[in-house]
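> sequence first, predicted coordinates after that:
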Amino acid sequence: MIPTEPATVEAHPRHTIRPLLTDTLTQALDGPKGRRSELRFILQVGWQFLKGLRTLHFVGPCITVFGSARFREGHPYYELARQVGRAIHELGFTVMTGGGPGVMEAANRGAYEAGGRSVGCNIRLPFEQQPNPYLHTRVTIDFFFVRKVLLLKYSYAFVVLPGGWGTMDELFETLTLVQTGVIQRFPVVLMGRDYYQPLLAYMQDMIRAGTISEKDLQYVCLTDDVAEAQQHIQTFVQQYYKIIRRRKPLWWLLERV
């Protein structure tokens, strides 16, 4: 059999490429479309933001917990996240998570069982992301970038437990925003020393290479100790923030606490 050359696509400014199979979750990123379709996408994004802002406006101040959806009750990281949720409540904050199972469920559960406030900002996915039962308030978002804005907007610190691609995405986007000054004095706690020590060592290599600076990591704390995590967060929050009275919900706008 004579090997054939791989197929090539000739680029042309008036041509576009479409995937053969797609769904509503991927259509936003599969290239340019018709004007009506693009307008529909803009309106969908606007509606997602409006829904999220209305639902979450009165839930804070929050601390957001990230981590894998794959750890179940009885796993050490699940139990650690449960302790973290309780500790965040003890600091006087609402626990916010992505609203799903695993670490998210455990952190919500820790706050819920301690009598604290528990919030979830869920994402619509075909797997792994059903809302957990320990949420006082929840909103489901269709787009990851909208969800990430909401998880950051209402939070004054992040606690990051072991996780996969999604957790790493949230962690590095947050560190990028700190580095570029978009958010300032934002404490990040990495819980799980054995899991995150190699990553932190690689970040030190980045410092030596000159791609990041020492100050880029000044707000990052690596620990297994929940009390140390509490102290790290409290140090920055007490030093740089003050409590102000929030306006009451307006009944005629159907707002609720």
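Looks like it came in fine.

> against residue 185, how distant is residue 239?
8 Å (Cβ to Cβ, to the nearest Å). Where you see a C-beta, it was placed from the backbone N, CA and C, and this is true even at glycine.

> more neighbours: which of those two?
Higher neighbour count among residue 239 and residue 185: residue 185, with 14 against 8, using other Cβ atoms under 10 Å.

> and the nearest residue to the more buried one once chain neighbours are set aside, what's its pLDDT?
Spatial nearest neighbour of residue 185, excluding adjacent residues (Cβ to Cβ, 6 or more residues apart in numbering): residue 240 at 4.7 Å. Per-residue confidence (pLDDT) for residue 240: 76.

> wait, isn't residue 240 in contact with residue 186?
No. Using Cβ atoms under 8 Å, residue 240 is not in contact with residue 186; the gap is 9.4 Å.

> chain center to the host helix or strand of residue 196, what's the gap?
Using DSSP states H and E, residue 196 falls within helix 193-209. Its chain's C-alpha centre and that of helix 193-209 lie 21 Å apart, by Cα atoms, centre = their mean, to the nearest Å.

> please apply the same query to stretch 189-205.
On Cα atoms, centre = their mean, the centre of stretch 189-205 falls 19 Å from that of its chain.

> show me what counts as buried in it.
Under the neighbour-count criterion of 16 or more other Cβ atoms under 10 Å, stretch 189-205 has 189, 190, 191, 192, 195, 196, 203 buried.

> what's the average pLDDT for it?
pLDDT averaged over stretch 189-205 gives 97.

> only C-alpha atoms, please: export it in PDB.
The C-alpha trace of stretch 189-205 is given here as PDB (Å, rounded to 0.1, in the frame of the first residue of the first chain):
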ATOM      1  CA  VAL A 189      -3.600  28.800  50.400                       C
ATOM      2  CA  LEU A 190      -2.500  25.500  48.800                       C
ATOM      3  CA  MET A 191      -3.700  22.700  51.000                       C
ATOM      4  CA  GLY A 192      -1.900  19.400  50.500                       C
ATOM      5  CA  ARG A 193       1.900  19.700  51.000                       C
ATOM      6  CA  ASP A 194       2.800  16.400  49.300                       C
ATOM      7  CA  TYR A 195       0.600  17.200  46.300                       C
ATOM      8  CA  TYR A 196       1.600  20.800  45.700                       C
ATOM      9  CA  GLN A 197       5.300  20.800  46.800                       C
ATOM     10  CA  PRO A 198       6.600  19.800  43.400                       C
ATOM     11  CA  LEU A 199       4.500  22.500  41.800                       C
ATOM     12  CA  LEU A 200       5.800  25.100  44.200                       C
ATOM     13  CA  ALA A 201       9.400  23.900  43.500                       C
ATOM     14  CA  TYR A 202       8.700  24.400  39.800                       C
ATOM     15  CA  MET A 203       7.600  28.000  40.600                       C
ATOM     16  CA  GLN A 204      10.900  28.500  42.300                       C
ATOM     17  CA  ASP A 205      12.600  27.400  39.100                       C
END
